[in-house]
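*Asks:* mind looking at a prediction? Sequence and model below.
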Amino acid sequence: MCILCDEGKPQDHSGSQLGRRDFLKASTATAAAAAGMSLFATRPAAADNDDEAPEDSGRQGRRYVIRGGHVTSMDPQVGDFVQADVLVEGKKIIDIKPNLHVGGAGEIDARGKIVMPGFVDTHHHQFETALRSFLADGLLFNDGQPHGAINYFQYILGTFAGVYRPQDVYISELFGSLSQLDAGVTTSHDISQIHYSKDHSVAAIKGSADSGRRIVFGFFEGARADLLGSPPGAWYPGGASELKKQYFSSSDQLMTMTMGGEIYLLPNNPGDPRTYETAWKIGRQLQIPIAAHIVGSFGMGPEFDKIAQNTLSGTANTTKFGADNLFIHMTGMSEMSWGAVKQAGTGVSLAVPIEMNMRHGTPPILKTLAMGIPPSLSVDVEVTLTADMFTQMRSTMNLQRMFMNARALGEPYATAFPDQELLTTRDVLRFATMEGAKDLRLADKTGSLTPGKEADIIILDAEAINVHPLNVVPGAVVSLMDRSNVETVIVAGKVRKWKGKLLDVDLNSLRRRIENSRDAIFTAAKVPQNLFL
């Protein structure tokens, strides 16, 4: 599903998530569904000057220097610099220090800018991009309480997801991924619960791959109205082996894979193991991480406690927590389960704005910190809220500090809260970078500016009117900035956004394609587009 290749314009995909050979492995149905979508504008080769991005960035042996920026590495061993240079060769960071002398290298002028690692989003349902803002006033599910009638499970998973065609998956994945790239999110964990068929899965992979950023592809179920299992004939979870072999066999690529393992899914056939037990077993056989949403308000506590008990007791022949798990939300879970998560070294991803907005339960930021489990941050669903990491960082910091300030002031509801240090802007900046990379098992590649790691770098405009004058770098990024300050974005050494504009992207064509997809989805689902106006 290489769009330009399909149009007779062969491209070099050596620097993309998948090689050219893998792109041509797409199924006939999926490739045909996307044929003719001219999404990318051609761009002449760039010269190395102030107006153009370094030519051939990301290519093996190609060098350039990011010169004179305020460098926030997020690596304690590297440190931070009021002014320093970052040398990139090919896809790797080679050196970071003031006044680097490098002959024959291109240059990026970063004076007055902040240079830092790209953001890492550990949980994002990208297939829903075409449905943005549809459920801005909605809740997670109908719990019989006020306002529950407009809810995510009924409309998004139960109504819309079932009518998605592979081409709808593709364009939402691509558009959503490019949008986050534009906002400085260089890595995302794509949890697209849309895997009814191989065609749907391949479309999700190709849409993400065509964006040119780092993606962790989450192979989850295909949602249906009753939300109890996968539809008859669905290839989740058994298709994971084929997907990994075909698309994720190499560790030297931008795309990696996780296994979805939702504990609320029931077996498709009476007498079969619970679906998550099968999925977790497959994930561990394939040696890929296993992720699941854990939401107390959805009644997951008893099943989660059962797994926790097996973990703590070491019960033979049972499913247990492990360091390969990533649990999302973790609202309303028992002390025993938290203890088992801590013991197992499991990662926890919080989506604080969504959890507060959609009635998942109180975001457990106090609990993660009390347990010594630094959380990663995630955006969740754009049907309800924005997918930028500035919002995630601010919300997380604000919530924890609200709790601790209430405790300090002696407010009655806060007397039982643990006594914690107030989160700082640097803390939440770490959650959005290093902790995200760790939770996605990518800490050896991204999450910090470290020589030897891949160059996932963002350059933020600190001279913009909403930030200038710059005084404290983490404070400026977290407390003042938004996506408009993201000037340049680099993924594995390749410049993908330059001076405020995505490179090689025809946004007008993209807009038309996703609008057409949205209209088709609403028509097939028989839902009026103005339902909640």
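*Replies:* Structure received. Since this is a predicted model, take the numbers as computed values, not measurements. Numbering: from 1, shown residues only.
*Asks:* what's near enough to touch the residue nearest the centre of the chain?
*Replies:* Nearest to the mean C-alpha position of the chain, counting by C-alpha atoms, centre = their mean, stands Ser188 at 2.4 Å. Remark: with contacts taken as C-beta atoms under 8 Å, 6 or more residues apart in numbering, Ser188 is in contact with 120-121, 124, 126, 177, 180, 213-216. Where you see a C-beta, it was placed from the backbone N, CA and C, and this is true even at glycine.
*Asks:* any idea how far it lies from Glu382?
*Replies:* 12 Å (C-beta to C-beta, to the nearest Å).
*Asks:* and for Gln167?
*Replies:* Note on Gln167: its distance to Glu382, by C-beta to C-beta, is 19 Å.
*Asks:* can you classify Phe217 by secondary structure?
*Replies:* Under DSSP: H, G, I helix; E, B strand; the rest coil, the three-state class of Phe217 is strand.
*Asks:* give me the number of residues near it?
*Replies:* 27 (other C-beta atoms under 10 Å).
*Asks:* equivalent analysis for Gly118, please.
*Replies:* Neighbours around Gly118, by other C-beta under 10 Å: 31.
*Asks:* again with Arg213
*Replies:* Neighbour count for Arg213, taken as other C-beta under 10 Å: 25.
*Asks:* report pLDDT for it.
*Replies:* On the pLDDT scale, Arg213 is placed at 96.
*Asks:* kindly report the same for the one 4 residues further on.
*Replies:* On pLDDT, Phe217 comes in at 98.
*Asks:* contacts only, for it.
*Replies:* Phe217 makes contact with 190, 204-205, 208, 243, 247-248, 255-258, according to C-beta under 8 Å, 6+ apart.
*Asks:* hmm, try it at 7 Å
*Replies:* By C-beta atoms under 7 Å, 6 or more residues apart in numbering, the contact set of Phe217 is 190, 204-205, 208, 255, 257.
*Asks:* skipping adjacent residues, who's closest to it in space?
*Replies:* Met257 (5.1 Å; C-beta to C-beta, 6 or more residues apart in numbering).
*Asks:* low-confidence ranges, the stretch 201-350 of the chain, go.
*Replies:* 224-234, 268 (pLDDT under 70).
*Asks:* and the helices in it?
*Replies:* Remark: helices assigned in the stretch 201-350 of the chain by DSSP state H, counting those that start in this stretch are 240-247, 275-286, 301-313, 335-344.
*Asks:* determine which stretch of the ones you listed is the most buried.
*Replies:* Of all these, helix 275-286 has the most neighbours on average by mean count of other C-beta atoms under 10 Å, namely a mean of 20.
*Asks:* packing partners for it?
*Replies:* Packing contacts for helix 275-286, counted by 3 or more C-beta pairs under 7 Å, 6 or more residues apart in numbering; DSSP states H and E, involve helix 240-247, strand 255-260, strand 290-295.
*Asks:* just send the ones you listed back as JSON lines, with distance to Gly138 too.
*Replies:* Shown next, in JSON lines, are the helices and strands packed on helix 275-286 (distance: least, C-beta to C-beta, whole Å):
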{"stretch": "helix 240-247", "distance to Gly138": "31"}
{"stretch": "strand 255-260", "distance to Gly138": "23"}
{"stretch": "strand 290-295", "distance to Gly138": "15"}
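*Asks:* ok, which of these comes nearest Gln83?
*Replies:* strand 255-260 (34.7 Å; C-beta to C-beta).
*Asks:* distance check, Thr450 against Val86.
*Replies:* 11 Å.
*Asks:* cool, Gln180 as well?
*Replies:* The spacing between Gln180 and Val86, counted by C-beta to C-beta, is 22 Å.
*Asks:* next: Ser479.
*Replies:* Taking C-beta to C-beta, one finds Ser479 at 24 Å from Val86.
*Asks:* so for those two, which sits in the more crowded spot?
*Replies:* In this view Ser479 and Val86 are compared by other C-beta under 10 Å, and Val86 has more residues nearby, 27 against 16.
*Asks:* who is the nearest residue to that one once chain neighbours are set aside paired with across the strands?
*Replies:* Nearest residue to Val86 in three dimensions, chain neighbours excluded: Ile66, at 4.2 Å (C-beta to C-beta, 6+ apart). Taking DSSP bridges as the rule, Ile66 bridges to Val86, Ile108.
*Asks:* so what pLDDT did Ile66 get?
*Replies:* 98.
*Asks:* test my guess that it contacts Ile108.
*Replies:* Yes - Ile66 is within contact range of Ile108, at 4.7 Å (criterion: C-beta atoms under 7 Å).
*Asks:* circling back to that earlier point, just the contacts of Ser188 now: which is nearest Asn142?
*Replies:* The nearest member of those to Asn142, counting by C-beta to C-beta, is His124 at 24.1 Å.
*Asks:* does that closest one touch Ser192 like I think?
*Replies:* No - in this structure His124 lies outside contact range of Ser192 using C-beta under 7 Å: 8.9 Å.
*Asks:* looking at those two, which is more packed in?
*Replies:* Ser192 (30 against 27).
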